[in-house]
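Colleague: Provide a 3D model corresponding to the input given below.
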Amino acid sequence: MTRLSALVLLLVASISSAVATEAAAPKADPAKAKAIVDGVCVACHGADGNSPASANPNLAGQHPDYIYKQLSNFKAAEGKPALRNNPIMGGMVAALSDEDMRNLAAYFGEQKLKPQVAKDDPAKLALGKKLWRAGDLNRGIPACAGCHGPAGAGLPAQYPRLSGQYADYTATQLKAFRGEERANDAEAVMRTIAGKLSDKEIAAVAEYAAGLR
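Modeller: Next comes the predicted model:
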């Protein structure tokens, strides 16, 4: 079995896990999240999930199951450290209940995204397009579209919607996966892929994703 084939099997396994998680999730009430949004989330992510700064992700239109997973991963529980280490977000979610996190996820998921626009850099966008659509088989890098979709729509729970996301934020997360500073990806899929990408490639694919619709 080739390294790329093994990675594809890991992707399939994580997709199956995501589907099972989605099916088991209880119903959320986005209306109940509004007070938390206005009191806690608004400064960094905006009242409607469209962040005012590129360092923070747009949450509007993101898959609720994915948002819930990330909120849960930021939260330390039962004496165990958080799966996703971020002091700011760790503090924000510390007092949230499971119901709160599900309601917040549902709230942001139903907001309308104001998508970012890719910068006009033909060479960078061409490289990003190649990696997104075809990957690099010789280096064992699968196409981004395989999990995040041709138009960047993603997959609930496991793979986020990246279309219209801030390029700066996407690039920062890819570098965090590459440096194993972020390690909450199932079966280390993103760490494996990002570990093979250069700074130039990360910047290119992040910029290309920002322009997807």
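
Colleague: so which residues of the protein form helices?
Modeller: Assigned by DSSP state H, the helices in the chain fall at 3-24, 34-36, 42-45, 64-74, 87-93, 98-109, 122-133, 145-148, 167-178, 189-194, 199-210.

Colleague: Throw the ones you listed into CSV and include mean pLDDT, distance to Pro52 and mean neighbour count, thanks.
Modeller: In this view, the C-beta of every residue, glycine as well, is placed from N, C-alpha and C. Output for the helices of the chain, formatted as CSV (pLDDT from 0 to 100; distance: least, Cβ to Cβ, whole Å; neighbours: other Cβ atoms under 10 Å):
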stretch, mean pLDDT, distance to Pro52, mean neighbour count
helix 3-24, 55, 30, 14
helix 34-36, 98, 18, 14
helix 42-45, 98, 8, 16
helix 64-74, 98, 18, 22
helix 87-93, 97, 16, 15
helix 98-109, 98, 15, 22
helix 122-133, 98, 25, 17
helix 145-148, 98, 25, 19
helix 167-178, 98, 13, 20
helix 189-194, 98, 26, 20
helix 199-210, 98, 16, 22
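
Colleague: as a markdown table, the ones you listed with distance to Asn56 would be great.
Modeller: Formatted as a markdown table, the helices of the chain follow (distance: least, Cβ to Cβ, whole Å):
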| stretch | distance to Asn56 |
| --- | --- |
| helix 3-24 | 24 |
| helix 34-36 | 16 |
| helix 42-45 | 5 |
| helix 64-74 | 13 |
| helix 87-93 | 10 |
| helix 98-109 | 12 |
| helix 122-133 | 22 |
| helix 145-148 | 20 |
| helix 167-178 | 7 |
| helix 189-194 | 19 |
| helix 199-210 | 15 |
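
Colleague: so which of these gets nearest Pro115?
Modeller: Nearest to Pro115 among the helices of the chain is helix 199-210; the distance by Cβ to Cβ comes to 7.7 Å.

Colleague: contacts only, for the nearest residue to Asp185 once chain neighbours are set aside.
Modeller: Spatial nearest neighbour of Asp185, excluding adjacent residues (Cβ to Cβ, 6 or more residues apart in numbering): Arg191 at 6.0 Å. Counting by Cβ atoms under 8 Å, 6 or more residues apart in numbering, Arg191 touches 177-178, 180, 183, 185.

Colleague: residues in contact with the residue positioned nearest the centre of the chain?
Modeller: Taking Cα atoms, centre = their mean, the centroid of the chain lies closest to Pro160, which sits 4.0 Å from it. By Cβ under 8 Å, 6+ apart, Pro160 lies in contact with 62-63, 66, 148, 154.

Colleague: for those, work out which two are farthest apart.
Modeller: Gln62 and His148 (12.2 Å).

Colleague: tell me, what's touching these two both at once?
Modeller: Common neighbours of Gln62 and His148, using Cβ under 8 Å, 6+ apart, are 160-161.

Colleague: with adjacent residues omitted, what lies nearest to Glu207?
Modeller: By the measure of Cβ to Cβ, 6+ apart, the closest residue to Glu207 outside its immediate chain neighbours is Ala167, 4.6 Å from it.

Colleague: lovely, talk soon.
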